[in-house]
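Trainee: pasting the sequence and the predicted coordinates here, then a few questions.
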Amino acid sequence: MNDNNNNENIVLPNGSDLVLSVSPHVSNRDNTRGIMLKVVLALVPAMIAGVWFFGLDALRVILLTAAFTVLAEALWCAMLKKPVKANVFDGSALVTGVLLACNLPSAAPWWVCLIGAFIAIWLGKQIFGGLGRNPFNPALVARVALLIALPAIMTTWPTPHNDAETSATPLGIVGTTTKITGHSQAARQNFQTVDNSSSLKEYFIGNRGGCLGETSAIALLIGGLALIAMKLIKWQVPVCFIGTVAVITGATHLLAPGVTPGPLFHVMTGGLLLGAFFMATDMVTSPISTRGCVFFAIGCGVITSVIRIWGNYPEGVSFSILLMNALVPLIDRWCLARPFGYTVKREKA
Amino acid sequence: MKESLFTFKGGIHPQNDGKELSRNAAIKPAPLLERYFVTISQNAGKPPKPVVAPGDLVKKYQLIAAADGFVSANLHAPTSGKVKGIVEVPGAMGLAVPAIEIEADGCDETVEPLPLLDWQNLDAKTLLDRIAACGVVGMGGAAFPSHVKLSPPPDAKIDTVILNGAECEPYLTADHRLMLEHPTDVLEGAAIIGHILGVKKVVIAVEVNKPDAIKTLSDSAQKYGVEIAPLKVQYPQGSEKQLIMAISGRQVPSGGLPMHAGCVVQNVGTAAAIRAAVIDGRPLIERVTTVTGEVVKHPGNWLLRIGTPVIEAVKLAGGVTAEPGKLILGGPMMGFAEKSFKVPVAKNTSGILLLPHETAVNYESGNCLRCGRCVEGCPMKLAPALLCTAIEGGRYDLAADNHVMDCLECGSCSYNCPAHRPIVQYIRRAKAEIRKKAKR
């Protein structure tokens, strides 16, 4: 017999407010907003590097773009009578804003930030039904639209620590070189000016021209590794993306040094690290299975390399991710695992 | 030992398994109550037919409802007293279900016991008849009649019996305490099952978060010709198909039964009930149930009679410290939410779980982020996110093509979902719609 029954004053539940629901009754504590805020946090090192190298102008672009994307989200939801607060507070617009800012030159005027923000949120995301429904990475949609519409502004790169001057990006120099000299011995010597051990060191810390959030390899690595450690991205994506670019550019460089600089140069310049860690890994626009993500990332790497080596644009990361985004439904269908209980034999029969 | 743990692919690892609340509480007997409500339909298959009328006097262990056909199970009186009648009691999801109400006379007088059986020298048929007579059903959750499960068709080649002591559901510790405190009941039950099926390999599979139970069982396992297999702690390790995979490395084919992989799986509690039925001639009228949850004053494990209203079990546990937000029969992953504390304990009530308001909230669900955590967690290697999106759009055909019918409803996907999407709920809807269509 249970003795403590008699001694204690037992409080019995009255069952007045029992919640009925189907199982499971417990859940992981993670939520959408938490994920989004962690991604923003992971971008903080890159943003700090941006402000360090490009000054307060970079901070201006970040704040303006973030504010405009949140505004665009709120406006759209208000217009369509969707819950404004829930949509703004899920943090996804903030992530898009911060990512877009990282993809802009620090000299971008306020109205470019504004147009970019509205393209990203309205045309990149909400028109498809909002968070989770967009086939393309919204920040990249905006970046590419701006790049095509406003090529001059989008390729005006302030020199680090000196926003009065502009300079070409390392990839831009390589692109111009090959246009002038063709793939030749002369080009090979020109590559040396941007692809040498001292300049590679500068690229590693981020002291080069480029979009404000893409230049510092070390800052992007810190943020990217944090995302991997928090299991917010699949490590296979950056590894396969960067690895593919390194292998293709490395092989090309080895076979024909006059065609393109070495693999380390390619990994640390342009937007490869930003794209591989923060944009190709976007949950919404990448394949749902890990196996699919491997193919997706390799595809990104191939397209990036092809554009960089033989294309008209000096940089191909944005295009490669967008093109692969379009293939995601196919990859998803192709890479679904064979469910438990379906042996090879049964499936073929 | 670590590297040789048995397991399967996929699944989840709940952050808070809640087992510490009741894991060290020894099984306590429950005092006799004034009234019991024995739910009639508490086995998988056809419900039995009541064989008592209002006013009848019954004794403990007396048959009160007889199996209606093969896939059905007998019900017995939990104590001696008077049958008040067939009344409606609250059941799963707030629906009213019929139950036989018995008013105890306080004597707890038993019927003439069934003869003790010398099982080693008897054939399977005799033993199966006894198990059926005693109304033994699967006590892990599905409540499938045991005599049916132990009568595979003659062409089935069964070579392995697995006793499920994984107890992978968070919070539950009833099987743990049973294995720890009554190891010989479980082991002897295992040996009887092996004897019935004529199988040499009998394995008791236990998750390694119960090291004391593994040790106790191992100490005398050899005597009964039983093996003990340590399992990795991973939900849903105790799911039949995943357990067979973990132990034998075989896949139960889609739409198939464990026997198609040469296995029969029984819960450890069921094994103990089979032993009681065969050796002691005791019908199944009581079971070990964990009464637990953050708001329960003294969580623990009790030997409750079938028909005990849940409120009485909560009373045994010292009541509550706060009004609970959810009452669950079973575990938090696959158990059933109840609307009333009057719901009676059934043969498959492994746990009575009272969750606080904070965890019982209905989450606002958002759009799918396609993060893939449901795909990683799915032990059946399905793509729950894609199924869910298809079902949301009314495309049950697409869900069927993507094997929605193979879903176990283990809840790993919903557990993992950062957008808190009710994935299992959608999948159940699709299954119901697809079955409805197949019938037409």
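Mentor: All right, it came through fine.

Trainee: domain map for the chain?
Mentor: Since you didn't name a chain, this refers to chain A. Using automatic domain parsing, the domain parsing of chain A gives A:32-154, A:170-207+A:233-335.

Trainee: oops, wrong one, chain B.
Mentor: If you go by automatic domain parsing, chain B breaks into B:2-23+B:115-280, B:373-439.

Trainee: wait, which of the ones you listed is closest to A:Ala49?
Mentor: Shortest distance between A:Ala49 and those, using C-beta to C-beta, is found for domain B:373-439: 28.8 Å. For the C-beta atoms, the positions are set from N, CA and C on the backbone; glycine is no exception.

Trainee: quick one: is that closest one near chain A?
Mentor: Yes - for domain B:373-439, a contact with chain A is found by C-beta under 8 Å from any C-beta of the partner chain, at B:375-376, B:379-383, B:385-386, B:402-403, B:406, B:409, B:411, B:414-420, B:422, B:424-425, B:428.

Trainee: just the helices in chain B please.
Mentor: Using DSSP state H, the helices of chain B run over B:124-133, B:146-149, B:174-181, B:183-197, B:211-221, B:240-248, B:268-275, B:310-316, B:357-360, B:373-377, B:384-392, B:396-401, B:412-416, B:423-439.

Trainee: now do the SS call for the residue found closest to B:Gly372 once you drop the neighbours it is linked to in the chain.
Mentor: In this structure, B:Gly372 finds its nearest non-sequential neighbour in A:Ile288, 4.6 Å apart by C-beta to C-beta, 6 or more residues apart in numbering or on different chains. Following DSSP: H, G, I helix; E, B strand; the rest coil, A:Ile288 is assigned to coil.

Trainee: what about A:Ile288, distance to B:Glu188?
Mentor: 48 Å (C-beta to C-beta, to the nearest Å).

Trainee: next: B:Cys417.
Mentor: Using C-beta to C-beta, B:Cys417 is found at 43 Å from B:Glu188.

Trainee: look at the two and report which has more neighbours.
Mentor: Using other C-beta atoms under 10 Å in any protein chain shown as the criterion, B:Cys417 and B:Glu188 rank with B:Cys417 on top: 29 against 23.

Trainee: tell me how many other residues surround the residue of the stretch 301-440 of chain B found nearest chain A.
Mentor: Across the stretch 301-440 of chain B, no residue is closer to chain A than B:Gly411, which sits at 3.2 Å (C-beta to the nearest C-beta). With neighbours defined by other C-beta under 10 Å, the count for B:Gly411 comes to 25.

Trainee: so it sits right up against B:Met334, yeah?
Mentor: Yes - between B:Gly411 and B:Met334 there is a contact at 6.2 Å, judged by C-beta atoms under 8 Å.

Trainee: which residues in the stretch 151-300 of chain A form helices?
Mentor: All helices of the stretch 151-300 of chain A, identified by DSSP state H, counting those that start in this stretch, fall at A:151-154, A:170-181, A:185-194, A:197-205, A:217-229, A:236-255, A:263-268, A:272-274, A:290-310.

Trainee: so for chain B, which of those sits nearest?
Mentor: For chain B, the closest of the helices of the stretch 151-300 of chain A is helix A:290-310, at 7.2 Å, according to C-beta to the nearest C-beta.

Trainee: what sits in contact with each of B:Gly411 and B:Met334?
Mentor: Applying C-beta atoms under 8 Å, 6 or more residues apart in numbering or on different chains, one finds that B:Gly411 and B:Met334 are jointly contacted by A:23-24.

Trainee: quick one: contacts for the closest residue to B:Gly411 other than its chain neighbours?
Mentor: Among residues not flanking B:Gly411 along the chain, A:Pro24 sits closest, at 3.2 Å (C-beta to C-beta, 6+ apart). Taking C-beta under 8 Å, 6+ apart, we find A:Pro24 in contact with B:332-334, B:411, B:414-415, B:424.

Trainee: please report the distance of A:Pro24 from B:Lys326.
Mentor: 12 Å.

Trainee: mind checking the end-to-end distance for stretch B:7-17?
Mentor: By C-alpha to C-alpha, to the nearest Å, the extent of stretch B:7-17 from end to end equals 18 Å.

Trainee: starting at the chain centroid, how far to it?
Mentor: Offset of stretch B:7-17 from its chain centre (C-alpha atoms, centre = their mean, to the nearest Å): 19 Å.

Trainee: give the contact list for the residue nearest to B:Leu178 when sequence neighbours are not counted.
Mentor: In space, not counting the residues next to it along the chain, B:Leu178 is nearest to B:Val288; the distance is 5.1 Å by C-beta to C-beta, 6+ apart. With contact set as C-beta under 8 Å, 6+ apart, B:Val288 has these partners: B:27, B:174-175, B:177-178, B:269, B:301-304.
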